[in-house]
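1. Here is my input, please return the structure:
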Amino acid sequence: MSASLPDPSTPSPAEPAVVRPAAPVAPPPPSPPRAGRGLALVGVTLAVLALVLGGLLWQKFNLTQQEMARRAQDSATLAGDARRYAEQAEALTQELQARLAVAELRLSEVSLQRSQLEELMLSLSRSRDDNLVQDLESAVRLAQQHAQLTGSAQPLISALQAADQRIARAAQPRLNPVQRAIARDIERIRGAALADIPSLVQQLDELARQIDDWPLLNQVGPGHPVTAPKTRVRKAAPAAPAPVAAPAPAEPALEGSSAGATEDGAAAGWGTRLSVWWTGLWERIVADVSRSSRELVRVSRIDRPEAILLAPDQALFLRENLKLKLLNARLGLLARHMRSSQADLIAVESALARYFDTSAAPIAQAQSTLGRLRKELVESDLPRPEETLAALNAAAGGR
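-> Numbering: from 1, shown residues only. Alright, predicted model coming up:
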């Protein structure tokens, strides 16, 4: 805004007024033309429009200010509510964080306990499986030793079948190869040709018990000269009839006659018993004499004179020697020395053919038994459960 300069015509207040003569009045200017008035009218119209527009703009600006003030107030209210809600959310968040921390702590404890329980269960399961594998291996090895001692495959087959049943009850997938190996070993052992050692030993014992009853070639009479004579069963004499008891006297008048009848019955009974005893005595005497006369001389053909020259004491030693031979064959059979057992049986067969009566039924039966035993005593290796032991070792090493 520029400062206005003082008009020189205007008298200063400090200076005294000087009366000057009035200036001559100028004549009025001539009226402008119509074009000037049109421009003035346009200018006035534009000014009025500008004022109207300015008023409208001012009114709109006032409305805008009011709206902005209202919105600012609403925003302040919302901001206050938001601040309050934020404070509540923050408090809730802190509470949730505290609860989450507690929950995480408990979850970590539960996870730790679960992991410990899983490790414990796994260790128990592994220890159970390991114990099962060790028990099965021990049982199979013990059965193998038992089979080697007895010479029979039945203990080994029974142990493998029991191991198969225990694995089936355990239901452990890692023991399935062991189960398949057990099935193959059982099939292979059953298909192997083995001698039945217990049956052979029982037959040898039975032969050893029958040696005392085998008849020799020089044996005289029904009894064995080297043993105590057998008790001969004699025909017992018929018992004498018991004396008939006299009836009680019915009347005193008949007492004398009843006593006489009793004495006659007793005499008759004694006579009967005496006659029966005398007859039995003569029968025994005749039987003994006839038997002694038959045994006094016996004629037979002997191809080997050494059997006739065998003394009773030597017969006793011969029988004991045969028992020792059978016992040695039994020990060799249990020790799996089949050749020595066969040699002992051959020696027993030669002694039977040389010194004993081969026509007798016991000797023929003994010879057939010895021949069958000699054929069954063959060298045979007992199958070993190699696949089962290898599978058990693999299961024990794979834990």
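
2. Point out the other helices and strands that the helix ranked longest in the chain packs with.
-> The single longest helix within the chain, with elements called by DSSP state H, is helix 34-150. With contacts taken as 3 or more CB pairs under 8 Å, 6 or more residues apart in numbering; DSSP states H and E, helix 34-150 sits against helix 154-170, helix 386-397. Using the backbone N, CA and C atoms, a C-beta is placed for each residue, glycine as well.

3. need the contact list for the spatially most central residue of the chain.
-> Central residue of the chain (CA atoms, centre = their mean): Arg166, 2.1 Å from the mean position. When the contact criterion is CB atoms under 8 Å, 6 or more residues apart in numbering, the partners of Arg166 are 132, 135-136.

4. cool, Leu352 as well?
-> Contacts of Leu352 by CB under 8 Å, 6+ apart are 214, 358, 363, 366-367, 370.

5. And the longest helix of the chain, how far out from the chain middle?
-> Distance, stretch centre to chain centre, for helix 34-150: 56 Å (CA atoms, centre = their mean, to the nearest Å).

6. Kindly report the same for stretch 173-182.
-> Using CA atoms, centre = their mean, the offset of stretch 173-182 from its chain centre is 12 Å.

7. who touches that stretch?
-> 129, 132-133, 136, 160, 163-164, 167-168, 385, 387-388, 390-392, 394-395, 398.

8. again, only this time at 10 Å
-> 129, 132-133, 136-137, 140, 159-168, 170, 172, 385-396, 398-399 (CB atoms under 10 Å, 6 or more residues apart in numbering).

9. which among the residues you listed end up buried?
-> 129, 132-133, 136-137, 140, 159-160, 163-164, 167, 172, 385, 387-389, 391-392, 395 (16 or more other CB atoms under 10 Å).

10. So in this structure, where's the weakest helix or strand by average pLDDT?
-> helix 305-308 (a mean of 64; mean pLDDT, DSSP states H and E).

11. Tell me the buried residues in the helix or strand just after that helix?
-> Remark: after helix 305-308, the chain's next helix or strand is helix 312-334, criterion DSSP states H and E. For helix 312-334, the neighbour count (16+ other CB under 10 Å) marks 315, 318-319, 322-323, 325-326, 328-330, 332-334 as buried.

12. how far off helix 312-334 does the helix or strand just after helix 312-334 point, in degrees?
-> Next in sequence after helix 312-334, counting helices and strands by DSSP H and E, comes helix 338-355. Taking axes from the mean of the first three to the mean of the last three CA atoms, to 10 degrees, one finds helix 338-355 and helix 312-334 inclined to each other by 160 degrees.

13. After helix 338-355, which helix or strand is next? Please name it.
-> Next along the chain after helix 338-355, with elements defined by DSSP H and E, is helix 361-376.

14. Could you chop the chain up by domain?
-> By the assignment in automatic domain parsing, the chain contains the domains 125-194+384-397, 195-222+304-379.

15. Can you say which of those is nearest to Leu51?
-> domain 125-194+384-397 (101.2 Å; CB to CB).

16. Number of residues surrounding the closest residue to Asp196 other than its chain neighbours?
-> If the residues on either side of it in the chain are set aside, Asp196 comes closest to Ser152, at 6.4 Å by CB to CB, 6 or more residues apart in numbering. For Ser152, the count of nearby residues is 18 (other CB atoms under 10 Å).

17. and what of Ala40?
-> 11.

18. Number the residues from 119 up from this point.
-> From this message on, residue numbering opens at 119, which makes the last subject Ala158.

19. Relative to Ser393, how far out is it?
-> 208 Å (CB to CB, to the nearest Å).

20. and Gln279, how far is that from Asp431?
-> For Gln279 relative to Asp431 (CB to CB), the value is 55 Å.

21. Then Thr390?
-> Thr390 sits 50 Å away from Asp431, going by CB to CB.

22. Same check on Leu449?
-> 27 Å.

23. now Ser477
-> For Ser477, the distance to Asp431 - CB to CB - is 25 Å.

24. One more: Thr487?
-> 28 Å.

25. For Gln215, which of the domains of the chain is the nearest?
-> Nearest of those to Gln215, taken as CB to CB: domain 243-312+502-515 at 40.8 Å.

26. what stretches of the stretch 219-368 of the chain score poorly on pLDDT?
-> Applying pLDDT under 70 to the stretch 219-368 of the chain flags the ranges 240-245, 269, 311-313, 337-368.

27. Can you identify each of the strands in the stretch 269-418 of the chain by residue range?
-> Here the stretch 269-418 of the chain has no strands by DSSP state E, counting those that start in this stretch.

28. neighbours of Pro333, just the number please.
-> 16.

29. so it sits right up against Phe474, yeah?
-> Yes: look at Pro333 against Phe474 with CB atoms under 10 Å: they come within range, at 6.6 Å.

30. got any residues that touch both of these two?
-> With CB under 10 Å, 6+ apart, Pro333 and Phe474 have common neighbours 480-481.
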